[in-house]
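Novice: A predicted structure for the sequence below; I have some questions about it.
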Amino acid sequence: MTTLHTMGQQHSRRSWAEPYKIKVVEPLRTTTREERDRAIAEAGWNTFLLHSRDVYIDLLTDSGTSAMSDRQWAGMMLGDEAYAGSVNFYRLEETVQKYYGYKHLVPTHQGRGAENLLSQAAITPGDHVPGNMYFTTTRFHQEKAGATFHDVIIDEAHDTASLHPFKGNIDLDKLQALIDEVGADKIPYVCMAATVNMAGGQPISMENARAVRELTDRHGIKVYLDATRAVENAYFIIEREAGYADKPLAEVLAEFCSYSDGATMSGKKDHLVNIGGWFATNDDELFEEVRNLVVVYEGLHTYGGMAGRDMEAMAIGVEESLDMPYMRSRIGQIQYLGELLERWDIPFVKPVGGHAIFLDARAFYPHLDQEQFPAQTLAANLYADSGIRSMERGIVSAGRDPETGEHRHPKLELTRLTIPRRVYTQAHLDLVAESVKACFDAHDSATGLRLVYEPKYLRFFQARFEPLP
Ligand SMILES: Cc1ncc(COP(=O)(O)O)c(C=O)c1O
Ligand SMILES: N[C@@H](Cc1ccc(O)cc1)C(=O)O
């Protein structure tokens, strides 16, 4: 007999929902297939060169694309736009010290501004910088300052099918081998990213961060964290690592950061703002150098390229990012999209990471050679199908080897569907999954691309292509 009680059991599934409601909306424009074919051709088959008005659902990036809260918008009115000593700077400094635990803060216009300052201040030409997989702008600044970058991430990170829960981990043997090979005095710091963007938004475990600290301490090497998505990383530690399930995000973040000497930050991600970043350190001497350099590249050391109002919104965003219901729904959205794609056997990087779904373009287009740019092709095809904008993360992003001038051939050839924070609904994600499925079903017709214009630096942003016949 079905009782109310047993009915309850049959329907015991409990969904999560976003812990906010919508107060302001921005209309979306739809386009025809003909218009999109024209737009992608005019953009040289590069989604970075599309006009945003021609895009329907914009999954290019989670950088600077968040919806700010009503509190953050209210904070914008509290902007103290003094050239020097803005109230908002001191508020931001205090907030970062409180939650990230570092002693000194230098604001910058965004993450790469902080990377430039750290690289210039800490690297001597001929140095070596190990990191858990490269990030484009980070490695660029390290190489520009005269260092050689070494990928010391665990092998599982390069395998799209590996279900390792912490694919962002540093391989301690690889790190030790590099120290033995070049000497600790040639390694100014280990660059530790949390989460690892290019690996699929994959986290590092607390255990691994602690072990990296112990190893580097033995050799007197510093650790600088790329803290861009460190709160998302903290969420995965709570979800997947023994001993953290009941801890608040803020406590996990603070412990994680305690294993580093400082950090670079792109506030455009975790901090839920449209612009801004910072550099932080516990090292008095390095701080002195960076605080001096910032006035050359970014602005005075109490604004670093941000308006007072931006620093206020950022300080509020730091606190909002540490709210567990928010973070659960943030990661929940990405997992939701992953579940839809999984149902249709669409190949993508597993487990689902922190900020995006990374489609495995090699598996989509096994008939295309990597030099026919499968991930770039998939991004262009997805846009043409439905107006959804994604980003190539494969051979184009990897660029050329500075020594040989040849294309680098990364193992991962991915197309990234990046989810902006607090912006899209599940219905949008349903449309995304359906369009990905349509492209997957049409995979035989993809012919690949030819590179026709290649800029010198960070080529993926402005390169142009033509379809192969
Ligand atoms: C992991 C990571 N580090 C650094 C950066 C650089 O930050 P920004 O875009 O703010 O310069 C980004 C994004 O660009 C990133 O995803
Ligand atoms: N960090 C941002 C913006 C960006 C995109 C691509 C890059 O290679 C560099 C920066 C992102 O990952 O989307």
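Specialist: Yes, it's here. Remember, predicted model here, so these are calculated numbers, not experimental data. Ligands and ions are numbered 1, 2, ... in the order given.
Novice: low-confidence stretches in the stretch 151-300 of the chain?
Specialist: For the stretch 151-300 of the chain, no stretch is flagged by pLDDT under 70.
Novice: tell me which element Phe279 falls in.
Specialist: Per DSSP states H and E, Phe279 falls inside strand 277-281.
Novice: phi first, then psi, for the closest residue to ligand 1 within the stretch 151-300 of the chain.
Specialist: Per C-beta to the nearest ligand atom, Ser266 is where the stretch 151-300 of the chain lies closest to ligand 1, at 3.2 Å. In short, each C-beta sits where N, CA and C put it, glycine included. For Ser266, the backbone dihedrals (degrees, to the nearest 10) come out as phi -100, psi 100.
Novice: ok, the strand holding Phe279 near ligand 2 or not?
Specialist: No - counting by C-beta under 6 Å from any ligand atom, ligand 2 has no neighbours in strand 277-281; the shortest distance is 10.4 Å.
Novice: related to what we said a few turns ago, next, the contact list for the closest residue to the residue of the stretch 151-300 of the chain closest to ligand 1 other than its chain neighbours, please.
Specialist: Sequence neighbours aside, Gly111 is the residue nearest to Ser266 in space, at 2.8 Å (criterion: C-beta to C-beta, 6 or more residues apart in numbering). Contacts for Gly111 (C-beta atoms under 8 Å, 6 or more residues apart in numbering) come out as 137, 226, 228, 264-268, 277.
Novice: in these, find the pair that's most separated.
Specialist: Spatially, the most separated pair among the contacts of Gly111 is Thr137 and Gly267, at 14.4 Å (C-beta to C-beta).
Novice: so for these two, which sits in the more crowded spot?
Specialist: Just comparing Thr137 and Gly267: by other C-beta atoms under 10 Å the higher neighbour count belongs to Gly267, 34 against 18.
Novice: hang on, the more buried one packs against Met314?
Specialist: Yes - Gly267 sits in contact with Met314 when judged by C-beta atoms under 8 Å, with a separation of 5.0 Å.
Novice: after the strand holding Phe279, which helix or strand is next? Please name it.
Specialist: helix 284-297.
Novice: of the contacts of Gly111, just say which sits nearest to Ser390.
Specialist: The closest of the contacts of Gly111, once distances to Ser390 are taken by C-beta to C-beta, is Lys268, at 18.2 Å.
Novice: test my guess that that closest one contacts Asn274.
Specialist: Yes - assessed by C-beta under 8 Å, Lys268 is found in contact with Asn274 at 6.8 Å.
Novice: okay, these two: which has more neighbours?
Specialist: Using other C-beta under 10 Å, the more surrounded residue of Lys268 and Asn274 is Lys268, with 24 against 18.
Novice: leaving out sequence neighbours, find the closest residue to the more buried one.
Specialist: Nearest to Lys268 is Gly64, by C-beta to C-beta, 6+ apart, at 3.9 Å.
Novice: near ligand 2, which residues of the stretch 351-469 of the chain?
Specialist: So the stretch 351-469 of the chain meets ligand 2 at 397, 418 (C-beta under 6 Å from any ligand atom).
Novice: rewinding a little: how about the residue nearest to Lys268, what does it touch?
Specialist: 110, 268, 273-275.
Novice: and for Gly267?
Specialist: With C-beta under 8 Å, 6+ apart, Gly267 has these contacts: 110-111, 273, 275-278, 314, 317.
Novice: and for Trp278?
Specialist: 92, 96, 105-108, 114, 264-265, 267, 304.
Novice: quick check, nearest of the residues you listed to Gly183?
Specialist: Thr264 (24.7 Å).
Novice: now for the strand or helix carrying Ala380, which elements pack on it?
Specialist: Using DSSP H and E, Ala380 falls within helix 374-386. If you count contacts as 3 or more C-beta pairs under 8 Å, 6 or more residues apart in numbering; DSSP states H and E, helix 374-386 packs onto helix 33-42, helix 361-364, strand 388-389, strand 391-393, helix 395-398, strand 414-418, helix 426-441, strand 449-453.
Novice: what angle sits between it and helix 33-42?
Specialist: Angle, helix 374-386 to helix 33-42, by axes from the mean of the first three to the mean of the last three C-alpha atoms, to 10 degrees: 150 degrees.
Novice: can you tell me the average pLDDT over helix 374-386?
Specialist: For helix 374-386, mean pLDDT rounds to 98.
Novice: for that helix, the distance to its chain's centre please.
Specialist: 21 Å (C-alpha atoms, centre = their mean, to the nearest Å).
Novice: alpha carbons of it, as CSV, please.
Specialist: Only the C-alpha atoms of helix 374-386 are listed here, as CSV (Å, rounded to 0.1, in the frame of the first residue of the first chain):
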residue,chain,number,x,y,z
PRO,A,374,40.5,20.3,-33.5
ALA,A,375,39.7,22.3,-30.4
GLN,A,376,39.6,25.6,-32.4
THR,A,377,37.4,23.8,-35.0
LEU,A,378,35.0,22.6,-32.3
ALA,A,379,34.7,26.1,-30.8
ALA,A,380,33.9,27.6,-34.2
ASN,A,381,31.4,24.8,-35.0
LEU,A,382,29.6,25.2,-31.6
TYR,A,383,29.2,28.9,-32.2
ALA,A,384,27.9,28.4,-35.7
ASP,A,385,25.4,25.8,-34.4
SER,A,386,23.8,27.8,-31.7
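Novice: among the contacts of Gly111, name the ones in strands.
Specialist: In this view, the contacts of Gly111 that belong to strands under DSSP state E are 226, 264-266, 277.
Novice: setting aside sequence neighbours, what's the nearest residue to the residue nearest to the spatial centre of the chain?
Specialist: For the chain, the residue nearest the mean C-alpha position is Asn197 (4.3 Å; C-alpha atoms, centre = their mean). By the measure of C-beta to C-beta, 6+ apart, the closest residue to Asn197 outside its immediate chain neighbours is Phe135, 5.5 Å from it.
Novice: try Asp401
Specialist: Leaving aside its sequence neighbours, Asp401 is closest to Arg408 (5.5 Å, by C-beta to C-beta, 6+ apart).
Novice: that older thread, what about the residue nearest to Asn197, neighbour count?
Specialist: 23.
Novice: over to the one 5 residues further on?
Specialist: Other residues within reach of Phe140, judged by other C-beta under 10 Å, total 19.
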